[in-house]
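**Student:** requesting a structural model of the entry that follows:
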Amino acid sequence: MSRGKCESVERAQEEASNGGPDGPATRRGEGGPALELLVHGVGGTTPQEMLNDPRTVRITGDHTAAVFRRADDVHAEHGSGGRRREGPVPEAYVWCNLTSGNGTRALWLLLLPFMVVNLAHWMRPAAHGRRRTVRLYGLLVRLAALTLTVLLVAAACEVALDLAAWQCAGTAACADRHSWLGFLSPTVSDGGWWSAPGRRLALAAAAPTALTVLLWYLSRRTWSDYESQQPIESAPGPEADGGPTALGRPGFWYGRRLVARLRAAHTAAGLITVAAAVGSAAARHDRRPGGPAVLGTLGLLLEASLALCAVAVVWVVCRRGRSERRLDRKLDEGFVRRLPLAALALLALTVVYAGWERPGWTSEGRLPGDTTFGGIALVQGLLVIVLGIVAHALHRTDPDRRAVLRGLGGPAVAMLACALGGVMSGGVSQRVSDWLDGTRASIEGPPVLLTWQASVIPPLLVVLLGLFGWLAHRAWRLARAERTAVALDYPDEHQDRARTRRIANTRAMASLTDRGPRVVAVTSGITLLLGAGALVGALATDETPGEAAQGAHPVVHGAAETSQALGSWLIGLGFVLFVTWGRRAYKDPAARRTIGILWDVGTFWPRASHPFAPPCYAERAVPDLTWRMATWTRVTGGRLVISGHSQGSVLAAAAAWQLAPSARKRVALLTYGSPLERLYGRWFPAHFGPAALGSLHRDVDCWRNLYRLTDPIGGPMRLPGDRGTQVDHAPLMDPLAYGRTDLLPLPAPILGHSDYQADPVFAEERRALLARLRPEAPSELPATPAEPAGGRSEHPEVPSPRRRPEPPGA
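**Tutor:** Numbers count the residues shown, from 1 in each chain. Sure, this is the predicted structure:
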């Protein structure tokens, strides 16, 4: 269900149905009401496709996420012509607009490193009884996230303050080529008021300040739409006291307080970074021998104030983490409002201080960017190393053989987030420097460290090419082995070598998903080593790699020059492609949906470490599903099958954990193409590990899982013992028929991750779940349904049973 357009989820779909509230009431009898709640996967779909009906009606929800029924099923509890319905009433929950809405979602590409580091928070190993170590793990990830904010704002300062205002505007040759900088140039403007170095920096500070304000605005806007959604209130269960998963805790999907506090801290950190970039050059000038004493004293006071504010930011980030065991509706008003305002006031004072008249002050060389970027890189590397030590200690407490990299998945992903931040910051700096002066004849260009970091990209690509070559060889060997398995799966068919090869290749390519951890491990490890080498080389030589290699062996010097030139070109090309993709996504809904698929996977988790990450759509989707299931089962006394495909199965499981135990026992779970164990169980073992999935199997009435060997995403749940066979069906045949048959006269396609409902097994498994879920005669229903806490009312209709039409081929 990953094709289709979410734009159809609009008010135009709310058309009148044939049945009405004045129809004959359905008799209550044996069997009772039944509901099948369908949840689509990544990429989205339309309610018409989900319900196999062109006429659908939105019964609850809004244009962002809603529940739909067929037009004939809106008043299903009244029946149709006095006849009873057979089977469940299907409903479709459509949530794709949460991740692929209007064109502003293209701006989320800027937040990719923030999203990746937020994933690292949730990848910690499962560990019971190590609460302090778990808190230390979360603290280290939050500090790494803070360094990414500082890195992004520092990159904006490098472009606007150093390259444009300080170097290019201060050089006559560069300013002559760029007339828009003429009023800032002392020679072009003939010593105009804005040509003073401090005033140039003060004016250029508007760009990184605007970037910081934009990040604050995006976070504030999405915070009011996502984190402020009220989850259903329930009494704390065993999950609240350290159960197998935290996803059942009352406050897990309500991170309003933490995001507001982190947003204030990161906004203040960005403003402090801008203030330090503006004021450092002026303070260094004032502290020279014979400099103005008053301005020198003011510079020291401002630097001390900025340092104190930075300490306050770090303290706010370290002070406390998430409140999951209860609904925390409080807001830290003092920190949320005063800390960014204090940083903004310090920035204003710094701008005034830098713009003060200083006769004889000229801009030469670079601003001290090497120290800034070098310090950020050093802190990030140390945080990743310590995070790896903590993750290893947690994994040893409760080892999980299926956890990726033996519990080191979180540190590896945090390293990749830092690398992404470095590539983005270095790419924009290199690209702007080449644009201002590609020959480097008039300006010195970006800091030496950024050039070293760009130079390590070609060696990294060589390693990755070797790794992908190994994966291709592995896939080839697996495909050869699968040919025998394909022949055994279709023993009565005349073998076609091309058909067999195609099926075997699809299975082999699907199995490469399980090799993903090795790719991440090699990439993050090589990145850490090459980044450390770049930092040492930049600090030791204070020269670019080509300059530092002069006098060495010709092969070494040539390799250094080639790596430097190729790395600068690659990082600039990457930045151009990044901007082009974002621009295309802003204008093209299809490209925006492609980005939305990326966010479907990366933004499932709440913003626990970085407030500027794309918002967590599950903080809207999971409460929606929980409210629907809880109120429907309470009002009707019936039972419910929640049917989830792909990412929809993850939402379905998370919603089931949020239900009260009594409601959970009236829910059956049907998952297909599900990444619950294959991806989430391995990468997020603390929340979807074997203990968590085992508890879900015990809590719901029944659970069946369907998967194919050709599916690169879905897989079995691998529960131990007899529970594994109770949940996992044997792998479905794909294709349904090897050759042409009477029922399928044309060649059957290889479906892979899609169209599970086309398999007859799907209808059989759903029928079996409904037979097991068939309740006793329900008690007398209230005249009107009860209104849940929080003031949200449910659709008053109560569906009566009617069997959903079977999919083709059933």
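**Student:** how much space between Ala691 and Arg402?
**Tutor:** 12 Å (C-beta to C-beta, to the nearest Å). The way it works is simple: take the backbone N, C-alpha and C, and place the C-beta from them, glycine included.
**Student:** those two: which has the busier surroundings?
**Tutor:** Higher neighbour count among Ala691 and Arg402: Ala691, with 17 against 12, using other C-beta atoms under 10 Å.
**Student:** looking at this, the more buried one is in a helix?
**Tutor:** Yes - when DSSP: H, G, I helix; E, B strand; the rest coil is applied, Ala691 is found to be in a helix.
**Student:** so what's it closest to, chain neighbours aside?
**Tutor:** The shortest distance from Ala691 to any non-neighbouring residue, by C-beta to C-beta, 6 or more residues apart in numbering, is to Pro244 (3.9 Å).
**Student:** ok, the one you found touching Gly694?
**Tutor:** Yes - if you go by C-beta atoms under 8 Å, Pro244 and Gly694 touch, sitting 7.1 Å apart.
**Student:** who has more neighbours, these two?
**Tutor:** Pro244 (23 against 17).
**Student:** where does the residue nearest to Ala691 fall, helix, sheet strand or coil?
**Tutor:** What three-state DSSP gives for Pro244 is coil.
**Student:** from Phe684, how far off is it?
**Tutor:** Taken as C-beta to C-beta, the span from Pro244 to Phe684 is 13 Å.
**Student:** now Ser643
**Tutor:** Distance from Ser643 to Phe684, by C-beta to C-beta: 23 Å.
**Student:** also Leu769?
**Tutor:** For Leu769, the distance to Phe684 - C-beta to C-beta - is 27 Å.
**Student:** and those two? which has more neighbours close in?
**Tutor:** Higher neighbour count among Leu769 and Phe684: Phe684, with 25 against 22, using other C-beta under 10 Å.
**Student:** can you point out the buried residues in whichever strand or helix holds Leu346?
**Tutor:** Assigned by DSSP states H and E, Leu346 belongs to helix 339-354. Residues Leu339, Pro340, Ala342, Ala343, Leu344, Leu346, Leu347, Leu349, Thr350, Val351, Tyr353, Ala354 are the ones in helix 339-354 that count as buried (16 or more other C-beta atoms under 10 Å).
**Student:** what is the nearest of those residues to Ala276?
**Tutor:** Ranked by distance to Ala276 (C-beta to C-beta), these are led by Thr350 at 8.0 Å.
**Student:** now do the contacts for the closest one.
**Tutor:** Applying C-beta atoms under 8 Å, 6 or more residues apart in numbering to Thr350 gives the contacts Ala275, Val278, Gly279, Leu302, Leu306.
**Student:** Ala768 versus that one, what's the distance?
**Tutor:** 69 Å.
**Student:** contacting residues for the residue nearest to Ala691?
**Tutor:** Gly689, Ala691, Ala692, Gly694, Ser695.
**Student:** just the helices in the stretch 501-650 of the chain please.
**Tutor:** Here the stretch 501-650 of the chain has its helices, by DSSP state H, counting those that start in this stretch, at 516-541, 545-548, 554-587, 589-602, 618-636, 647-658.
**Student:** which of those sits closest to Ser224?
**Tutor:** helix 618-636 (11.7 Å).
**Student:** thank you, goodbye.
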